[in-house]
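1. Just a sequence and a predicted model for now, questions to come.
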Amino acid sequence: MKKNIDSDRFYVNKRAKSPKPLKNKSSSDSQYEEIRKEVLKYFNKMIPQLAIKNFKKQQTVNLEIDHDFSMFVDAEKVLSIIGSLTQYGLLKKVSEINIDQSSITEHDLTSEVLIAQAALSLKAYKSKNNKKIAVNGTFPNNVDFAKLIKGIGIVKQISSIKYFSDSTEDNAIFSAKGKIFQDSGLLDGDKKASVIEAFIEHMNESLSMVHKKLTDKAETDLIEIISEIIGNAEDHSNFSDSHWQFYGYTDKNSKGEIFQQLSIFNFGESISESLCKSMDKPIVYNRVNPYIQKHKGKVPENILYTISALQENISSKLDEEPDRGQGFTDLLLFFENVAKECLGDENNHVKMSILSGNVSIYFDGKYVPKLDDVSGRHLIYFNSSNQESIVPDNNYVKIMRETYFPGTIITLKYRLREEDYELDEV
């Protein structure tokens with residue numbers, strides 16, 4: 001196993017108890033307000049237009065989320081809720097949104113961040129049109145879900161929600177946003193490096209909760225991985241709309257378990273759309289087309305192109321950068337190693353969800369990238385033999401029939417520490 005983390009108890013004591021907030025000194029609030037207005041159109045595209053004729057005279061949207069609200073459990077339901085919230089919120093008469101999350105049974109970082117960003121975008125849109133919209137909420141009964149919401153979710157991000165203060169000693173939080181303008185950007189090369197550096201600090205802050213830290217080699221590897229993931233996010237966006245968001249949340253829950261969650265998403269082209277556009281490039285065509293032709297007519301082509309893009313060293317930019325196409329594979333393998341090292345358990349796998357366009361892909365350790373002896377590349381085909389010639393398992397790779405994400409979302413979660421059974425004795 002590749003060693004990614006070291007034990008270092010002194011490191012735990014010398015670090016600050018909470019991570020420093022990331023600040024982008026060159027960006028102003030007004031600049032980011034423009035981004036919020038811009039991304040609202042993407043939230044609006046997540047579902048078909050609702051039949052809302054009978055709703056137009058109402059001023060309040062009441063949204064009750066009384067089931068699973070998680071990318072790992074039901075990604076389509078999450079997008080459907082957020083798309084509905086956006087479309088109702090855009091109505092001229094609507095001036096108040098009430099979000100009741102008291103009964104949710106499953107939750108994750110991406111779902112919470114997305115609903116917060118949709119609400120923020122609505123507030124920006126209303127403000128631009130000289131209107132106001134109030135956002136109110138009811139906390140989950142589950143104290144761990146409520147803690148996430150207060151720490152990085154809709155409560156944290158929308159000041160109009162009043163809430164009581166809880167201790168945040170047992171969590172670590174990271175957030176960053178990037179926007180590339182044609183003439184000048186909120187994130188140039190130096191600023192991108194500062195975001196990645198801040199994330200490395202967040203990783204070590206999180207690992208310090210289990211008395212560990214990244215090795216020097218692992219830090220270098222992770223810098224390269226995150227740099228390519230952000231690069232992919234920028235490449236798959238239209239240039240004028242290039243925008244991505246990156247969040248991290250590590251928390252000790254009420255059972256004493258410690259989980260780290262990551263969420264990275266961008267708006268723009270899907271993975272499939274981006275790769276399809278590059279099929280006129282011989283180097284891309286020769287690497288991708290054989291897989292497409294093997295399963296064309298049996299498996300939706302959007303799935304085939306998306307799976308192709310997950311293979312090591314496949315990218316729409318191969319003609320420009322022959323070593324591109326490592327990001328997804330390296331990200332998954334890196335955190336698989338960290339998860340196993342944290343618990344010393346080969347069965348401690350990460351959960352990862354990728355949504356792009358209408359394709360949903362789920363990882364839980366059953367299918368992982370494996371090194372191919374012939375090509376020397378890590379490949380993952382989502383079948384028991386990991387063979388290119390066999391169709392992917394439709395329990396792990398699906399077409400979303402009713403929803404669509406205009407861009408790509410990566411959600412990752414893994415356990416750093418198991419349940420603390422001593423807590424049961426208190």
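-> Cool, the structure landed.

2. Low-confidence stretches in the stretch 101-250 of the chain?
-> 159-169, 179-190, 235-242 (pLDDT under 70).

3. what about the strands in it?
-> Here the stretch 101-250 of the chain has its strands, by DSSP state E, counting those that start in this stretch, at 106-107, 134-138, 171-179, 212-214, 243-252.

4. and these, which is most packed in?
-> Highest mean neighbour count of the strands of the stretch 101-250 of the chain: strand 243-252, a mean of 24 (counted as mean count of other CB atoms under 10 Å). All C-beta atoms are positioned from the backbone trio N, CA, C, and that covers glycine.

5. and the helix or strand just after that one, how far from the chain's centre?
-> Moving toward the C-terminus from strand 243-252, the next helix or strand (DSSP states H and E) is strand 258-267. The chain centroid and the centroid of strand 258-267 are separated by 4 Å under CA atoms, centre = their mean, to the nearest Å.

6. What residues sit buried inside strand 258-267?
-> For strand 258-267, burial by neighbour count (16 or more other CB atoms under 10 Å) applies to 258-267.

7. list the helices and strands it packs on?
-> Judged by 3 or more CB pairs under 8 Å, 6 or more residues apart in numbering; DSSP states H and E, strand 258-267 is in contact with helix 109-128, helix 216-235, strand 243-252, strand 405-417.

8. Could I get these in CSV, plus columns for distance to Asp6?
-> Shown next, in CSV, are the helices and strands packed on strand 258-267 (distance: least, CB to CB, whole Å):
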stretch, distance to Asp6
helix 109-128, 26
helix 216-235, 9
strand 243-252, 18
strand 405-417, 14
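
9. Any idea how many residues pack against Gln101?
-> Gln101 has 24 neighbours, counted by other CB atoms under 10 Å.

10. and it, how far is that from Leu148?
-> Using CB to CB, to the nearest Å, Gln101 is found at 11 Å from Leu148.

11. Find the residues that touch each one of the two.
-> His107 (CB atoms under 8 Å, 6 or more residues apart in numbering).

12. Quick one: end-to-end length of stretch 357-370, please.
-> Criterion CA to CA, to the nearest Å; first-to-last residue distance in stretch 357-370 is 26 Å.

13. what is the mean pLDDT for stretch 62-77?
-> Stretch 62-77 carries an average pLDDT of 93.

14. That one: which residues count as buried?
-> Buried residues in stretch 62-77 (16+ other CB under 10 Å): 63, 65, 68-77.

15. now swap in stretch 109-128 and tell me
-> So stretch 109-128, judged by 16+ other CB under 10 Å, has buried residues 109-126.

16. could I get that stretch in PDB with only the CA atoms?
-> Provided in PDB are the C-alpha atoms of stretch 109-128 (Å, rounded to 0.1, in the frame of the first residue of the first chain):
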ATOM      1  CA  LEU A 109     -22.000  18.000   2.200                       C
ATOM      2  CA  THR A 110     -22.700  18.400  -1.500                       C
ATOM      3  CA  SER A 111     -26.500  18.300  -1.000                       C
ATOM      4  CA  GLU A 112     -26.300  21.000   1.600                       C
ATOM      5  CA  VAL A 113     -23.900  23.300  -0.200                       C
ATOM      6  CA  LEU A 114     -26.000  23.100  -3.400                       C
ATOM      7  CA  ILE A 115     -29.200  24.100  -1.700                       C
ATOM      8  CA  ALA A 116     -27.400  27.000   0.000                       C
ATOM      9  CA  GLN A 117     -25.900  28.200  -3.300                       C
ATOM     10  CA  ALA A 118     -29.300  28.000  -5.000                       C
ATOM     11  CA  ALA A 119     -30.800  30.100  -2.200                       C
ATOM     12  CA  LEU A 120     -27.900  32.600  -2.400                       C
ATOM     13  CA  SER A 121     -28.400  32.900  -6.200                       C
ATOM     14  CA  LEU A 122     -32.100  33.600  -5.700                       C
ATOM     15  CA  LYS A 123     -31.400  36.300  -3.200                       C
ATOM     16  CA  ALA A 124     -28.900  37.900  -5.700                       C
ATOM     17  CA  TYR A 125     -31.400  37.700  -8.500                       C
ATOM     18  CA  LYS A 126     -34.200  39.300  -6.400                       C
ATOM     19  CA  SER A 127     -31.800  42.000  -5.200                       C
ATOM     20  CA  LYS A 128     -30.800  42.900  -8.800                       C
END
